[in-house]
Every structure is written in C-alpha cells, then in structure tokens.
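S.K.: one predicted model, sequence on top.
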Amino acid sequence: MYVEKSNAKSYKQYYCIFCSKLQTQFARHLRTVHRNEPDVKKFTALPKTNPERKQIISSLRKNGNFKFNTNSKLNNGQLIVSRRPNDKYNKLATDFTACSKCKGYFTKHSIRHHSRKCFKKNFKKNKCIMVMGRRITCRLHPKVNETVKKMIFPVMREDDVTRIIRYDEILITYANQMYEKYRSQHHHDMIRARLRLLGRFLLALKDINKNVENFDSIYRPKLYDDCIHAINIVARYNSEERIYGAPSVASTLSTLIKYIGNLFIGECIKKEDTEKKNLAKDFLKLLVVDISTSVNRTVMETQSAQKRHKKVNLPSLEDIKKLYKYLEEKRTKAYMALQQSFSYYDWLSLAEATLVSILVFNRRRQGEMERILIADFQNYERIHKDMNNDVYSSLSEKDRKIAEKYIRFCIRGKLGRTVPVLLSSDLFNSINLILKFRKEAKIPTKNPYVFALPGYNKERFKYLRACILLRKFSEECNAIQSCTLRGTVLRKHVATYCIQLNLNDIDISDLAKFMGHSDKIHKDYYRQPVATTDVVKVSRYLEMVQGNDDSDSSNCSENEVDENSCDKVNSNESTFTNLHNELNDDANNNQGNSSNEKRKRSTSPYGKTKRIRWSQKEKDTALHAFNTYMESFTLPSLKEIGDVKKKYKVLAKRTSPQIKSWLNNQQRALRKKPINESEIC
C-alpha cells in the first residue's frame, strides 16, 4: 500500500461511509446528500464553531477512512491517513497504525501523543498502543480463526517475518490448530515464537530459491537440499567447525517442517489434490531418511559440547539467607503499610515480595508460581486436631508444630502434573491481604490469577513475572553471587544439597514429586556432580589398583570422603526456613554421633568382607524395638532407626542401613515360612 504526500497536486479525499464514495468536500457532502442521517442531523443543528460539531464530523471521516483502508474490495492500494506526511520524511504505509478508539491512522512515532488526548490517559508504554492498533487493523488470510486474529497476531512485531506469515494459508492453518491445542494464555508466546521461526525459515528459503512463493510450495523433493541450506542459515551453522550457533533452532525447525508437512497432506486430501499430496509424501520420506544425518547428528554433538562446557555455580546458603531476609523485611514493611491504608505501590510491593518468597521457599518453577489461580489457593488444606484427628494424633510433638505452621494447596505443574505448594502463616496472610485489595488495585474481576496486574486488554490477563522479579531482588539484597540466585539453579541447589542427607529412594521420590519432576530427571538433571567425589574418592581407588598402598590413603574411610564431598557442596549452617532447619539438624546429629563415638568399620576396605555376627541380645532388642514394622511387613526410615539406636546402646555398633537390611531379611524369611520370633533368632 502507498500513502499520498502532503505536497501532492491532487486534493485529499475522504471515504463516505454512507454512499461508499471518495469525497473532497466531506462536510458539505454530508450536509447536502446525507442530511437525513441521524449523525448528520446532530452536527448540522450545531453552530460551525462548536467543538462537538467538529468531533462528530471527524468521527464520520475516520470511520469511513477505516472502512476503506481495511477492505481490499474497496481500495486500490491507497492508505488514507489523518495527516499526509511530507515528501522529505519518506514515510511508507508500514509506518502508520490505527488508533483503536477513533480508528484514525497516525504514524507509529506520533500515535502516543494522539492516544493521550483520545483516551485521556497517559500510557506508560508505547507497545500497548501498537497492540491495540494492530488488533483492529490486523490483515490476515480469510481462514484465520477469529480468536487467533485477536490474541496471537496483534502482539507480534510488525516486520518482514510477520508479514510473510499473514497470508500464508498453511501457516495460518497451523496457527489455528496450535491455538486449539494450547488454549492457555501463557502458551500464546510459544505459538508466536514457532510462527516467527517458520517465517524466518521461509524468508531464508526465498533468498536461496526465488521460485518459492509460500510455505506449502517447499514440499517438493527437488527443494529438499534448499530447505536444509535454509535451516543451516537460520540456525547459524559453522561449516568450518561443523557446529550450530543455535542447535535447538535446527532441531525445532526439522520437527515443525515434518509436522506441517503432514498437516499439508491432510489439506490436500480434503481438496482431493493427489499431485501435491504425493509430492509432499516423497518430501517427507527424504526428510525422515536424511535429517538425522544432515542436521540432528550435528545438533546432538553441539548441544552435548555446550552442556559439557557449561559451568553451574550453585548459590551459597549465606546468599539464600540474605535474599530471603531481604524479601521478609520488604514484605513485612508493605504488609504493615497496607493495613493502615491502601496504596497501589505498597500493594504491588507486597505482591512482588510474596511471589518471590514462595518461589524461593518451595523451589518451584517460575511459571508455576506466577500463575497460581485463586480457585487453587482457596482450596487449601491444613493439618490440625479438628479436621484431621487421626492423622494429627499419629504425629510426634515436633511434627505437630510444623504441621500447624504450614498450609498446603495444589496447583497445575509442568505437563499437567498436580504439584503441592507450602505456605507459612505469614505468606498465607500476605496473599489474603493481596486478594482483599484487588478491587482497589483495579484488577479485572475475570483475571483468575493471585498475582494479577491491571491491564488494558480485558481478554488478555496480566500477572507478575517471577523470573524478572527474582533477578531484581537478587541484586538488591547485596548477595555475594547474585547471578546464582535464579529459579532453576535454586532447584538444582536443593537436589544437590540433599546428597549429604543420605536420603533413601522413597525420600528422593517424594522430593522429586514435590518439585514436579520424575526421579530420573531429579538425579540426572537437577542433581549436580560433586567434583570432590572424583578427585578425592575415586582417585584413591585408582591409586590402589596401581599398587600405591599408602597408609594415609588406605586408612581413610569412605564416610570421611563422603563428608568432605558434602561439605564442598554447602556448609551445614541453618537456613532460612524450618524445613531446612530440620534437614540440617538431622545432618548435624549424624555428624555428631560419628565424632563422639568413633566406631570401627564393619566391613574391610578391601579384600574379603569380614562379617560380624549379630549377637542374641542385638537380635532381641531389634525385634522388640521394631515389632510394629515386623508385623506389618514394612521398614522404618533411617531417621527412626537412628532414634532407636540412641535409645538402645546395644545397637550403637550397627549402622542404620545395616539394621534396615537385617530387618528386611527377617521379613523375607517370614514370608517364605511363618515361624516364631525365637526361631528367627
């Protein structure tokens, strides 16, 4: 489209919304030809100098021009704007956008000044004005879903990549399908990212082969090599080093091309276009055979090297304590101020500090925390005497205090998992106060999120972004290594820190479920390797098989190596929460026991294992202490065994795993042949 310049020889024309014709003397045309129209009667009854008269005429003019500009059947490529640009500025049609309220067209640089007068509101960011303008002027393929037109495309940046997508039929069909599949608002960013990636690929392919017109034209076997070349360009392939600058882009593109190819075959079947269907099938056969060699192998090697060279520095407990203490002070200050009187600044400060505090304590993913639903929070549960009498009575005194301090509710986690969130009483009260003042903060009633924000679009709900806030607060709290206080690194920290607690498989599984991932992901991804294990422990084994039997190295027990490696991960000081305090108390108690009573190893460090038989007194004591578990054929936890060892000194020479293993053997014998306790002994 083109825009007439202000120094053009012809007079400026306006489109009449009543007779669908271009007119030069617009006001006179309305007065003489359409004098019976209601809006025309309104302004003709007013004097010529009246501001309301000018406003009515301007509204009719802008509405007519908007209809002309957005209807391809009416115009011939001309864009009628509110003020024609001067020739020296060299403005194009792409430099203009529409005001979503009055529908007049203004330059993108000056529309913020117009919006201030039109909306009678000072917009802090120019982006929302541009989004609202693109929402009403969005030009797209006729097959586009109306919701995709309103929610997906207006937010996308207006450039060559977006323009090449707008009228591509198969890409619009793909966008429609993705919107139906991923209906949550937070998935819209992923849909936009995929569409723009496909647009970049199509632009690169068009530069390579000028015969490519749209995306469905790439599904020809003769264009396969050009497609691989285009993937390498977009993913920044280095032919000398044979690596990708962006390996995930290459693998994602190959997946999307295959997916859209199958989608295109389905469309060909609907249209009964056999020729294009067969070409697309042949193209996909080439893709399946060749893509693993030409693209995916290089992607795998590049990503493997990047992961190997990436250093993950875990945060120290001192920095975590600084961050949590800073958040607690900020939250308390805002809470006290908000109780006195409402202030949007205090309300926002309380919401930000509360969100990050919950994230740091629960070690949840940022997206899960920022999108907590009010309905999920209101469905919280608490363990106390009245509601859960049986459960409450089975708890110890220490566990009862912890249970009374925290509440629990479940939210939607990654891949649709249901994951729990724990809140202390302070955080619980903070959230209630945040929800209390939602109306005063001008939060839309339909916004379902706890940490919601006021927004300009009633169909797109805004909420606080935990990732940005965590980065901000980690710098403000004066942490020594603020860059390590990030969501994923904090999750890795808790997984690695728990190594020194010697958790069994059941405890690890419970922790992994709480964090919202599988046991394998917990061990392989979140738990970081400890360098001292290889340097100190494995090196001794290697020295021994080399024949270096140094007395110092051979006398060092495996327990000492484990303790050293655990100390390397983090110090055993107390953390900012009761949960961490209890974990640290357990670790300190275990270390205290080993230092107070230095026992000998029950197994030889090398050679044949020297077993020490259980005495009759040890057997009787163990069966008496764990009689309940023997009858129910269950096993006690290592912590419970440790408590029993403190009570009965007879079992002090036995380790907790040894006792647990002995009990398991006795239970297995009982299952095979029911016998008395005396026969077991």
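M.R.: Arrived safely.
S.K.: residue 202 versus the most centrally placed residue in the chain, what's the distance?
M.R.: Nearest to the mean C-alpha position of the chain, by C-alpha atoms, centre = their mean, lies residue 367 at 4.0 Å. Separation of residue 367 from residue 202 (C-beta to C-beta, to the nearest Å) stands at 30 Å. Backbone N, C-alpha and C define where each C-beta goes, glycine included.
S.K.: list the contacts of the nearest residue to residue 302 once chain neighbours are set aside.
M.R.: Once flanking residues are discounted, residue 302 sits nearest to residue 247: 4.2 Å by C-beta to C-beta, 6 or more residues apart in numbering. With contact set as C-beta atoms under 8 Å, 6 or more residues apart in numbering, residue 247 has these partners: 235, 298, 299, 302, 303, 306.
S.K.: filter these to the buried ones?
M.R.: 235, 298, 299, 302 (16 or more other C-beta atoms under 10 Å).
S.K.: excluding chain neighbours, what is closest to the first one?
M.R.: Excluding the flanking residues, the one nearest residue 235 by C-beta to C-beta, 6+ apart is residue 250, at 3.7 Å.
S.K.: picking up where we left off before, would you turn the buried ones among the contacts of residue 247 into a markdown table with secondary structure, distance to residue 623 and pLDDT?
M.R.: Output for the buried ones among the contacts of residue 247, formatted as a markdown table (DSSP: H, G, I helix; E, B strand; the rest coil; distance: C-beta to C-beta, whole Å; pLDDT from 0 to 100):
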| residue | secondary structure | distance to residue 623 | pLDDT |
| --- | --- | --- | --- |
| 235 | coil | 65 | 96 |
| 298 | helix | 62 | 95 |
| 299 | helix | 59 | 95 |
| 302 | helix | 59 | 95 |
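S.K.: residue ranges for the helices of the stretch 351-500 of the chain, please.
M.R.: 366-370, 374-378, 389-393, 397-405, 425-436, 466-476, 487-497 (DSSP state H, counting those that start in this stretch).
S.K.: send the alpha carbons of the last one over as PDB?
M.R.: Read that as helix 487-497. The C-alpha coordinates for helix 487-497 follow below in PDB (Å, rounded to 0.1, in the frame of the first residue of the first chain):
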ATOM      1  CA  GLY A 487      14.900 -20.300  39.700                       C
ATOM      2  CA  THR A 488      16.400 -23.400  38.000                       C
ATOM      3  CA  VAL A 489      19.700 -23.000  39.900                       C
ATOM      4  CA  LEU A 490      17.900 -22.900  43.200                       C
ATOM      5  CA  ARG A 491      16.100 -26.200  42.200                       C
ATOM      6  CA  LYS A 492      19.500 -27.700  41.400                       C
ATOM      7  CA  HIS A 493      20.800 -26.500  44.800                       C
ATOM      8  CA  VAL A 494      18.100 -28.300  46.800                       C
ATOM      9  CA  ALA A 495      18.600 -31.500  44.800                       C
ATOM     10  CA  THR A 496      22.400 -31.400  45.200                       C
ATOM     11  CA  TYR A 497      22.300 -30.300  48.900                       C
END
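S.K.: may I ask which helix or strand of the chain has the lowest mean pLDDT?
M.R.: Sorting the helices and strands of the chain by mean pLDDT, DSSP states H and E puts helix 677-680 at the bottom, at a mean of 40.
S.K.: tell me which stretches of the protein form strands.
M.R.: 14-15, 22-23, 96-98, 105-107, 237-238, 243-244, 406-412, 418-424, 452-453, 462-463 (DSSP state E).
S.K.: nearest to residue 194, of those?
M.R.: strand 243-244 (18.3 Å; C-beta to C-beta).
S.K.: that closest one pairs with which strands?
M.R.: strand 237-238 (antiparallel) (DSSP bridges).
S.K.: which residues touch the strand it pairs with?
M.R.: With C-beta under 8 Å, 6+ apart, strand 237-238 has contacts from 231, 243, 244, 245, 250, 298.
S.K.: rewinding a little: indicate which one of the helices of the stretch 351-500 of the chain is closest to residue 331.
M.R.: Going by C-beta to C-beta, the one of these nearest residue 331 is helix 425-436, 6.0 Å.
S.K.: quick check: the residue nearest to residue 302 vs residue 253, distance?
M.R.: Residue 247 is 11 Å from residue 253, by C-beta to C-beta.
S.K.: again, but for residue 4
M.R.: For residue 4, the distance to residue 253 - C-beta to C-beta - is 42 Å.
S.K.: tell me which of those two has more neighbours.
M.R.: Using other C-beta atoms under 10 Å, the more surrounded residue of residue 4 and residue 253 is residue 253, with 24 against 15.
S.K.: residues touching the more buried one, list them.
M.R.: Contacts of residue 253 by C-beta under 8 Å, 6+ apart are 197, 198, 201, 231, 234, 235.
S.K.: closest one of the buried ones among the contacts of residue 247 to residue 439?
M.R.: residue 235 (49.0 Å).
S.K.: can I get the contacts of residue 247 in a markdown table with distance to residue 288?
M.R.: Formatted as a markdown table, the contacts of residue 247 follow (distance: C-beta to C-beta, whole Å):
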| residue | distance to residue 288 |
| --- | --- |
| 235 | 19 |
| 298 | 17 |
| 299 | 16 |
| 302 | 22 |
| 303 | 21 |
| 306 | 26 |
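S.K.: shaky segments in the stretch 1-150 of the chain?
M.R.: 124-125 (pLDDT under 70).
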